[in-house]
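Enquirer: Have a look at this prediction, sequence included:
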There are 2 protein chains.
Amino acid sequence: MATLTDTTSAVATTGSDTAMSSLPHAPPCNGTPSAPVANGSPSRMKTIKYRHVFATHSQPRISSLTHGAEVPSFVGFRNLMILVLVVSNLRLMIENFQKYGVVICIHCHDYRRRDVINGLSLYLSVPVHLFVAYIIELLAAREANNALARLKRAGEDHDTPEMQAAAGRNFKRTWWTVAMAHGINASLQLLIASKVVYFDIHHPGIGTMCEIHAVILWLKVCSYAFTNRDLRHALLHPNQSEPLPKIYAECPYPRNVNFKNLCYFWWAPTLVYQPVYPRTSNIRWGFIFKRLCEIFVLSIAIWIASAQYAAPLLQNSMDKMLQLDTVAILERIMKLSTISLFCWLCGFFALFQSGLNALAEIMTFADRDFYGDWWNVSSIRTYWTTWNRPVTNFMRRHVYSPLIGRGWSPAAAQVAVFVLSGFLHELCVGIPTHNIIGVAFAGMMFQIPLIIFTDNLQKIKGIRGKVTGNIIFWVSFCLVGQPLAALLYFFAWQAKYGSVSKKFSESPALHLFSQR
Amino acid sequence: MATLTDTTSAVATTGSDTAMSSLPHAPPCNGTPSAPVANGSPSRMKTIKYRHVFATHSQPRISSLTHGAEVPSFVGFRNLMILVLVVSNLRLMIENFQKYGVVICIHCHDYRRRDVINGLSLYLSVPVHLFVAYIIELLAAREANNALARLKRAGEDHDTPEMQAAAGRNFKRTWWTVAMAHGINASLQLLIASKVVYFDIHHPGIGTMCEIHAVILWLKVCSYAFTNRDLRHALLHPNQSEPLPKIYAECPYPRNVNFKNLCYFWWAPTLVYQPVYPRTSNIRWGFIFKRLCEIFVLSIAIWIASAQYAAPLLQNSMDKMLQLDTVAILERIMKLSTISLFCWLCGFFALFQSGLNALAEIMTFADRDFYGDWWNVSSIRTYWTTWNRPVTNFMRRHVYSPLIGRGWSPAAAQVAVFVLSGFLHELCVGIPTHNIIGVAFAGMMFQIPLIIFTDNLQKIKGIRGKVTGNIIFWVSFCLVGQPLAALLYFFAWQAKYGSVSKKFSESPALHLFSQR
């Protein structure tokens, strides 16, 4: 009512054109019909501006969400998604706090003194195998030098077929000896470490660290042995072989087989041995400090997430697992997936970005290609070749490429890589949790059909196929694979050691874990 | 072990170059050092390919997440966000189902027969006021025609000052009469509708629909009256006035004051009266069918979301509201925010995209500019001018622009628009819930400082300011404003009618609602 009477006589007032033009945010298209106004009026003094007759609807227009209209930007919805994610997880944190209070506790962490002593001893003793490999290589290099000297004494005729055959037989024998020595050394390394972790380290965290450390050094030992064998062969057969990479020229075989070179490889952020690596000229200590701060903050984040959020969740899931209540298990996996995804992303950044970069900086190691943009992958295959470049490089150089060289088909060589990878995954998860239930291995094997599926998907559909492939990757890996595996290993652990084991005998889930 | 011995003799096999080149997904940069291989070998027959010495690390590279590196695409994380949102809400749905089962029920919906009868009567009687406005305009148009005829009879001398003054006095009297008649008609419309809804319709849903319908028709009545008044003035003072919009030429005043024209305005998807609108040439029935299907699906989605998810949540919040437990209320608001956001987005699409487009198609109304891309706004001001174009157009043409014409400053005119808008919001929410607690009005008033804040924010920071502004918009509107308002009105409702009212007298929250 007030508005109505207020404006009733508004028309009697002469409108000022300046006020009208200062109208903010008037849509540009609405200005068109009022354009003749100023031009058309014979005398500006007398003009009355009819504001209530303004033609708001002067032209046909289409709604921006209608099919066929110019597609508007949706960047605001991206911001909304970030916001909703933050808010809904904040809410879950409040809910968690209301239910459990603060369960994080530094002093009350339950680990045995014996675990720490065993773990530390194992951690310190594992590098011994690298030094054994070094001694083997030292002896092999001396043998090679002697053979080279013998051949030189025999004059320039060492390329005659008879000599070659004799030398070949001689070297083959030496090679077999060296290969056996390396094989025994490397196998012992894995066997001893796994035995200690499985039988003598109860705590799964300490066990996992020791086992992963042992696997990393095992890979380094293998790479050291394989690379030096090829370098030795190239030295002894200079005419038969292709030239070595130029970067190795600085340090030719057998000069590279020295203690300093070995120690560099021991600490370098790579699993692939090279006599020479690209190096940086100086160490930026500020860079290292920043990376260490990142590791510190991310580690705390992961610790809080697992202690405060994942642990009660895993405990809660036990009943449902025992009853094989599918819907409830699904619900638990979904809740766990966000936490495991968070931990996984933090852990990835802390290890591959902060950790390896800090280590590389200290070691003046210049090739920082530790990962690709795996988060954008549309094929599971690309994921496995981009997320962990150190392991990919090892597998490509020491497993895939040699198998191809022996005439294997690419597909078969890839399967071999996944079998080895699955074996190592099972070692790193199954041994420390004292449950070799094969889930990690099966998870890696399951990647093979997934790769075939996403590869084909990409071929068929174009851009949409890329998005679908990316979603399949995220679902399979971060939202299903990891939390499900975590639940299964946790359940197996609880079944063996935890408080649930008393109820366990009456559970229908018993049959699934009947091996124990 | 198997791998080690398997590949020991691999070097003896002559590598085939074709097999190597078929290695899929080899990083392009790794290819460089192996380039001289093929060229450098003197005889290809004899060449041995040393696969284990391949220089994986041949050049300095920088990690893609390191500051200074080429920023990679993060489109995968967008997909991940969508996925996490879907999964975490699916989880909440499972949790909800486990807690409450299915609470949706068509037959057991609690509404009174009297509400339906009163609502229907009100719904059908409200348009009567539009016809009353039409009759007033018919009489005014006849009066104007008579006046015009008198002036014509008086010859060409009607522009002399004395004649003009006399005519002016005459018209001013007529105008006042017309304005009073319209004012009484429009005010009665709002008063009667609000009285019936407040006192005679208990059900808040039926009440809201009736009240909103009444407000829409009130706005149409106002626009019809204002526009025709200006058109009439332009007819009587052809020399004084600026030319009318060209589009009106087809149907000049008073020819536009006819029943068919009024009925078109009654049903047209606009609140702004024009004698002529841009029109489409034909009705696409397939288009209408699709829009109706959208409305159907979205309505069901909103119904399920509110009945199954929002209702139990609101019920749960009562205890916390009564105890004024801030953290718990915050948690409830956060949970409610996702559901209210979902309902809001569905409702927006159903009403502004599907509903108004379907209506426009039936009415062959060509200007479908019912909303802008409000989801991208970085200033709250832009939000209010883009999300609801019909109301914005009304406010701009009939409130803001005339006030500017009377010499008001743009800021003051904007405040006036928000005051009127807040009043109408309070009518649409407070009246049907029988609680005029002023939260909706206060919410609209709170937009004014927010507008000042986000306008200044945008000026300061550039691109970052835009993202910040957009986040502030989402937080203030969809995540705080709406669920908080819903909670407060629901609480007020429960306090007045619900089962909680017995506990209510002992609650500390009593003092906050002590008006009753």
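Expert: Perfect, thanks for sending it. Residues are numbered from 1 along each chain as shown, chains lettered A, B, ... in the order given.
Enquirer: Please list all residues in contact with the closest residue to residue A:455 other than its chain neighbours.
Expert: Spatial nearest neighbour of residue A:455, chain neighbours left out: residue A:379 (5.5 Å); criterion: Cβ to Cβ, 6 or more residues apart in numbering or on different chains. Using the backbone N, CA and C atoms, a C-beta is placed for each residue, glycine as well. For residue A:379, the contacting residues are A:451, A:454-455, A:458, A:469, A:473, by Cβ atoms under 8 Å, 6 or more residues apart in numbering or on different chains.
Enquirer: 7 Å instead, please
Expert: If you count contacts by Cβ atoms under 7 Å, 6 or more residues apart in numbering or on different chains, residue A:379 has them with A:451, A:454-455, A:458, A:469.
Enquirer: what's the answer for residue A:104, then?
Expert: Per Cβ under 7 Å, 6+ apart, neighbours of residue A:104: A:304, A:307-308.
Enquirer: what about it, which SS state?
Expert: State at residue A:104, reduced to three classes by DSSP: H, G, I helix; E, B strand; the rest coil: coil.
Enquirer: and it, backbone torsions?
Expert: phi -70, psi 130 (degrees, to the nearest 10).
Enquirer: so what's it scoring on pLDDT?
Expert: Per-residue confidence at residue A:104 stands at 81 (pLDDT).
Enquirer: What's the end-to-end length of stretch A:232-243?
Expert: End-to-end distance for stretch A:232-243: 13 Å, by Cα to Cα, to the nearest Å.
Enquirer: Show me which of the contacts of residue A:104 is closest to chain B.
Expert: Taking Cβ to the nearest Cβ as the measure, chain B lies nearest residue A:308 of the contacts of residue A:104, at 16.2 Å.
Enquirer: hang on, the earlier thing: for the residue nearest to residue A:455, phi and psi?
Expert: According to degrees, to the nearest 10, residue A:379 has phi -130, psi 140.
Enquirer: Residue B:87 versus that one, what's the distance?
Expert: 22 Å (Cβ to Cβ, to the nearest Å).
Enquirer: isn't there a strand covering residue A:282?
Expert: No - Residue A:282: not assigned to a strand; according to three-state DSSP it is coil.
Enquirer: Any idea how many residues pack against it?
Expert: Residues near residue A:282, counting by other Cβ atoms under 10 Å in any protein chain shown, number 7.
Enquirer: next one: residue A:330
Expert: There are 15 residues near residue A:330, going by other Cβ under 10 Å.
Enquirer: That one in helix, strand or coil?
Expert: helix.
Enquirer: now whichever residue of the stretch 101-250 of chain A sits closest to chain B, nearest residue through space, not along the chain?
Expert: Ranked by Cβ to the nearest Cβ, the top residue of the stretch 101-250 of chain A for proximity to chain B is residue A:245, at 3.6 Å. Spatial nearest neighbour of residue A:245, excluding adjacent residues (Cβ to Cβ, 6+ apart): residue B:55 at 3.6 Å.
Enquirer: ok, the one you found touching residue A:244?
Expert: No - contact criterion Cβ atoms under 7 Å: residue B:55 and residue A:244 do not qualify, at 8.4 Å.
Enquirer: Identify the residue nearest the most centrally placed residue in chain A in space, chain neighbours excluded?
Expert: Geometric centre of chain A, nearest residue: residue A:387, 4.2 Å, by Cα atoms, centre = their mean. Once flanking residues are discounted, residue A:387 sits nearest to residue A:374: 4.0 Å by Cβ to Cβ, 6+ apart.
Enquirer: Report the contact partners of that neighbour.
Expert: Contact analysis of residue A:374 by Cβ under 7 Å, 6+ apart lists A:383, A:386-387.
Enquirer: how about JSON lines for these, with secondary structure added?
Expert: Below are those laid out as JSON lines (three-state DSSP):
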{"residue": "A:383", "secondary structure": "helix"}
{"residue": "A:386", "secondary structure": "helix"}
{"residue": "A:387", "secondary structure": "coil"}
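Enquirer: give me the low-pLDDT residue ranges for chain A?
Expert: A:1-48, A:108-109, A:155-168, A:170-171, A:241, A:461-463, A:498-516 (pLDDT under 70).
Enquirer: Domain ranges for it, per the record?
Expert: Domain assignment of chain A by the TED database yields the ranges A:113-152+A:172-267, A:375-497.
Enquirer: which parts of the stretch 251-400 of chain A sit against chain B?
Expert: A:270, A:272, A:274, A:277-278, A:280, A:327, A:330-331, A:334-335, A:337-338, A:353, A:357, A:366-370, A:373, A:375-376, A:381-382, A:385, A:393, A:397-399 (Cβ under 7 Å from any Cβ of the partner chain).
Enquirer: Are any of the residues you listed buried, and if so which?
Expert: The neighbour-count criterion (16 or more other Cβ atoms under 10 Å in any protein chain shown) marks A:270, A:272, A:274, A:277-278, A:331, A:334-335, A:337-338, A:353, A:357, A:366-370, A:373, A:375-376, A:381-382, A:385, A:393, A:397-399 among those as buried.
Enquirer: count of neighbours near the residue lying closest to residue A:96 once chain neighbours are set aside?
Expert: Nearest residue to residue A:96, sequence neighbours excluded (Cβ to Cβ, 6+ apart): residue A:309, at 6.0 Å. By the measure other Cβ under 10 Å, the count of residues near residue A:309 is 23.
Enquirer: Same check on residue A:112?
Expert: Other residues near residue A:112 come to 12 when the count uses other Cβ under 10 Å.
Enquirer: and the nearest residue to it once chain neighbours are set aside, helix, strand or coil?
Expert: Among residues not flanking residue A:112 along the chain, residue A:202 sits closest, at 5.9 Å (Cβ to Cβ, 6+ apart). Taking three-state DSSP as the rule, one finds residue A:202 in the coil state.
Enquirer: Burial check on residue A:202, number of neighbours?
Expert: 17.
Enquirer: My guess is it contacts residue A:116. True?
Expert: No - with contact defined as Cβ under 7 Å, residue A:202 does not count as touching residue A:116 (10.8 Å).
Enquirer: Name the residues contacting each of those two.
Expert: Joint contacts of residue A:202 and residue A:116 (Cβ under 7 Å, 6+ apart) do not exist.
Enquirer: Out of the contacts of residue A:104, grab the one that's most surrounded.
Expert: residue A:308 (19 neighbours).
Enquirer: Correct me if wrong: that one contacts residue A:103.
Expert: Yes - when contacts are counted by Cβ under 7 Å, residue A:308 is listed as touching residue A:103 (5.7 Å).
Enquirer: one step back: can you add distance to residue B:497 and give the domains of chain A back as JSON lines?
Expert: JSON lines is the format used below for the domains of chain A (distance: least, Cβ to Cβ, whole Å):
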{"stretch": "domain A:113-152+A:172-267", "distance to residue B:497": "56"}
{"stretch": "domain A:375-497", "distance to residue B:497": "44"}
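Enquirer: near chain B, which residues of the stretch 101-250 of chain A?
Expert: A:179, A:182-183, A:186-187, A:222, A:226-227, A:229-231, A:233-234, A:240-248.
Enquirer: Quick check: phi and psi at the residue nearest to residue A:112.
Expert: phi -80, psi -40.
Enquirer: now residue A:102
Expert: According to degrees, to the nearest 10, residue A:102 has phi -90, psi 120.
Enquirer: wait, what's in contact with the closest residue to it other than its chain neighbours?
Expert: Distance criterion Cβ to Cβ, 6+ apart; nearest residue to residue A:102, sequence neighbours excluded, is residue A:308 at 7.3 Å. Counting by Cβ under 7 Å, 6+ apart, residue A:308 touches A:96, A:103-104.
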